[in-house]
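> Okay, sequence plus prediction incoming.
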Amino acid sequence: MEKLRSDQELIYYSLCHLDGILEDARSRVTHFIEIMNHFKDSVNLIKILIGFLQNENATDNKCRDIASHVLAILIESQKKENEAYQKDSTDFLNWLQSGGDINHLKLSHNAFTFALMTILKKNHLARDFANVNGFKFLEDLITGPCIKQNVSQAPQIAYNTIVTMWILSYHEFAHKFFEDDDRELLFKCSKVLDFYSWEKIARILLMLFDNLKLNPLC
């Protein structure tokens with residue numbers, strides 16, 4: 001990855017291989033983490049992948065989607081949250097949002113929402129994301145790409161987006177965005193059921209409502 005940035009075909013093969021290893025058995029991520037935490041010959045895989053994503057001239061959307069998928073899983077799985085990890089993971093979150101809005105993302109909507117719902121399980125990233133700009137991404141997703149019936153991945157994007165809100169609903173610092181009458185986030189989430197009948201979407205929606213049921217403003 002570091003040495004072959006000019007060879008797009010080899011980079012694509014390498015990323016698919018890495019992603020395939022994880023998708024075949026997600027528990028294998030522990031081997032990647034061991035490589036990063038090895039005392040003598042550690043390799044910062046998170047930093048390498050972030051560097052790859054930031055080098056936009058050497059990537060296309062397909063490669064970025066795969067790289068972000070692997071990177072999100074690594075960030076979620078890393079238990080050794082030292083200063084370097086905090087910086088690298090925050091850099092990835094900032095990169096995800098650097099397009100400014102959902103029409104200028106550097107990833108597909110599916111890859112973007114997968115990355116969010118995966119890395120926001122980390123408290124420091126949830127806190128960094130829970131602001132006006134972060135929730136604007138979610139609001140625009142739930143009223144746009146999530147309900148585009150002519151897009152085959154729309155139900156999965158909807159699921160990913162609602163899971164992200166469910167994760168954020170555990171944090172009191174995020175509640176003010178769910179309480180906002182102008183945003184009507186919970187109502188907009190419920191409208192997703194007008195378009196899809198996936199059981200897992202209904203289930204995660206109920207889990208979101210359950211987390212906020214004691215909040216009188218929600």
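Right, received. Where do you want to start?
> Let me know the distance separating Gln78 from His69.
Look at Gln78 and His69: by Cβ to Cβ, to the nearest Å, they are 16 Å apart. The way it works is simple: take the backbone N, C-alpha and C, and place the C-beta from them, glycine included.
> ignore the last one, Phe195
Using Cβ to Cβ, Phe195 is found at 25 Å from His69.
> Which one's more surrounded, these two?
Ranked by neighbour count (other Cβ atoms under 10 Å), Phe195 and His69 place His69 first, with 22 against 15.
> How about the contacts made by that one?
19, 111, 114-115 (Cβ atoms under 8 Å, 6 or more residues apart in numbering).
> Check which helices and strands whichever strand or helix holds Leu138 is in contact with.
Assigned by DSSP states H and E, Leu138 belongs to helix 132-142. Helices and strands touching helix 132-142, by 3 or more Cβ pairs under 8 Å, 6 or more residues apart in numbering; DSSP states H and E, are helix 83-97, helix 109-119, helix 154-168, helix 185-190.
> Next, the angle helix 132-142 makes with the first one.
With axes from the mean of the first three to the mean of the last three Cα atoms, to 10 degrees applied, the angle from helix 83-97 to helix 132-142 works out at 50 degrees.
> One more: the third one?
Following the same axes, to 10 degrees, one obtains 150 degrees for the angle between helix 154-168 and helix 132-142.
> could you point out which element follows helix 154-168?
Going down the chain from helix 154-168, the next helix or strand is helix 175-179, by DSSP H and E.
> buried set for that next one?
Residues of helix 175-179 classed as buried: 175, 177-178 (neighbour count, 16 or more other Cβ atoms under 10 Å).
> Repeat that for stretch 132-149.
Buried residues in stretch 132-149, counting neighbours by 16+ other Cβ under 10 Å, are found at 134-139, 141-142, 145-147.
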